[in-house]
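Undergrad: Model the following, please.
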Amino acid sequence: MDISPIISAQGLADLIGTKNLVIADAGSGTEARERYVKEHISGSHYVDLNEDLAEVPADAKNGGRHPLPSLDKFAALLARLGIRRESHVIVYDDKNAANAAARFWWMLRAAGYTKVQVLNGGLPEAIKHGITVNAEIPKVADTELPALKTWSLPTIDLGGVDAFSKNSEALIIDVRENERYRGETEPIDLVAGHIPSAINLPLKNNLDGDGKFKNPEVLKAYFTEILGDHLTENIAVHCGSGVTACHTLLAMHYAGLSIPKLYVGSWSEWSRNFKPVEKL
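TA: Residues are numbered from 1 along each chain as shown. So this is what the prediction gives:
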């Protein structure tokens, strides 16, 4: 049986010092990297969304703003971090796992790594529970380059989502903020609105008032009511660029549900390919 994809700060504290533990601090951009250099959970290694967890294209119409990197590039990252098949990987960020942490979790699971957990509440929760933080950059022992053959979790491409949008038996879930879904504002991409037939489940609905994931039973009831009779293979989840969508996939798995398809290109790809756009 798989371990829970979410771990509490106390659970992490109990693991500190155990064999095969690898802790990853996942961030995005200069600000996150500078924060890591100043303060991170002791022994954690920095992973950057743009540099490590994506292959940023020249034009986002080809795969969106954060396409998956090549498997060779991801394998090199795992070797650099000292992650082996027997490793127990704990991933955290400073944004309630909404950004790079959930994406790294999804990629590790898709690469066949099963002992991967995201820290509930992230760095603030670790600090609150007295887990040691410092500025020391850990060293990594030589690690064999893993052989990665495929991404094993389900994804869907632009054409597949286009077909889903016209299929009454399919369900497209948009996890962006309601204002972006409604087309009232678009701070990142070129066009405001949403994919026709998509429903809006803002990722903030996965969290409680303290920025931690809701109880799995609560999440299961929430998602079950919304998903209804839709088959998992007929469900696609997207966001702006395939990153925060992983937060909802993580929440679904935490709730004990099967993981639906990730639309990696997401709105950043759809909106640049002259596809139909709806606003409310």
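
Undergrad: tell me the strands in the stretch 51-200 of the chain, going along the chain?
TA: Along the stretch 51-200 of the chain, the segments classed as strands by DSSP state E, counting those that start in this stretch run 88-92, 116-119, 133-134, 171-174, 199-200.

Undergrad: want to throw these into a markdown table with mean neighbour count and distance to Ser28?
TA: In short, each C-beta sits where N, CA and C put it, glycine included. As requested, the strands of the stretch 51-200 of the chain are arranged in a markdown table below (neighbours: other CB atoms under 10 Å; distance: least, CB to CB, whole Å):
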| stretch | mean neighbour count | distance to Ser28 |
| --- | --- | --- |
| strand 88-92 | 25 | 13 |
| strand 116-119 | 25 | 16 |
| strand 133-134 | 14 | 19 |
| strand 171-174 | 24 | 21 |
| strand 199-200 | 14 | 23 |
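
Undergrad: Output those strands in a markdown table, with distance to Leu21 and mean pLDDT appended to each entry.
TA: Formatted as a markdown table, those follow (distance: least, CB to CB, whole Å; pLDDT from 0 to 100):
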| stretch | distance to Leu21 | mean pLDDT |
| --- | --- | --- |
| strand 88-92 | 5 | 98 |
| strand 116-119 | 11 | 98 |
| strand 133-134 | 16 | 96 |
| strand 171-174 | 33 | 98 |
| strand 199-200 | 38 | 98 |
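
Undergrad: Of all these, which one is nearest Ala100?
TA: When those are compared by CB to CB, strand 88-92 sits nearest Ala100, at 8.3 Å.

Undergrad: just for the stretch 151-280 of the chain, where's the confidence low?
TA: Applying pLDDT under 70 to the stretch 151-280 of the chain flags no residue at all.

Undergrad: Nearest to Ser42, out of the strands of the stretch 51-200 of the chain?
TA: For the strands of the stretch 51-200 of the chain, distance to Ser42 was read as CB to CB. The smallest value, 5.2 Å, belongs to strand 133-134.

Undergrad: okay, the strands of the stretch 51-200 of the chain in JSON lines with distance to Ala32 next?
TA: Formatted as JSON lines, the strands of the stretch 51-200 of the chain follow (distance: least, CB to CB, whole Å):
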{"stretch": "strand 88-92", "distance to Ala32": "12"}
{"stretch": "strand 116-119", "distance to Ala32": "15"}
{"stretch": "strand 133-134", "distance to Ala32": "15"}
{"stretch": "strand 171-174", "distance to Ala32": "25"}
{"stretch": "strand 199-200", "distance to Ala32": "27"}
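
Undergrad: Now do the longest strand anywhere in the chain: which elements does it pack against?
TA: Within the chain, and with DSSP state E defining each element, the longest strand by residue count is strand 21-27. Strand 21-27 is packed against helix 29-38, strand 40-41, strand 45-48, strand 88-92, helix 100-110, with contacts defined by 3 or more CB pairs under 8 Å, 6 or more residues apart in numbering; DSSP states H and E.

Undergrad: can you list the ones you listed in CSV and add distance to Ala255?
TA: As requested, the helices and strands packed on strand 21-27 are arranged in CSV below (distance: least, CB to CB, whole Å):
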stretch, distance to Ala255
helix 29-38, 28
strand 40-41, 26
strand 45-48, 25
strand 88-92, 19
helix 100-110, 14
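
Undergrad: and of these, who's closest to Lys214?
TA: Distance to Lys214, taken as CB to CB, is lowest for helix 100-110 among the helices and strands packed on strand 21-27, at 14.9 Å.

Undergrad: before we move on, the earlier item: would you mind saying which of the strands of the stretch 51-200 of the chain lies nearest Lys212?
TA: Across those, Lys212 has its closest neighbour in strand 116-119 (9.7 Å, CB to CB).
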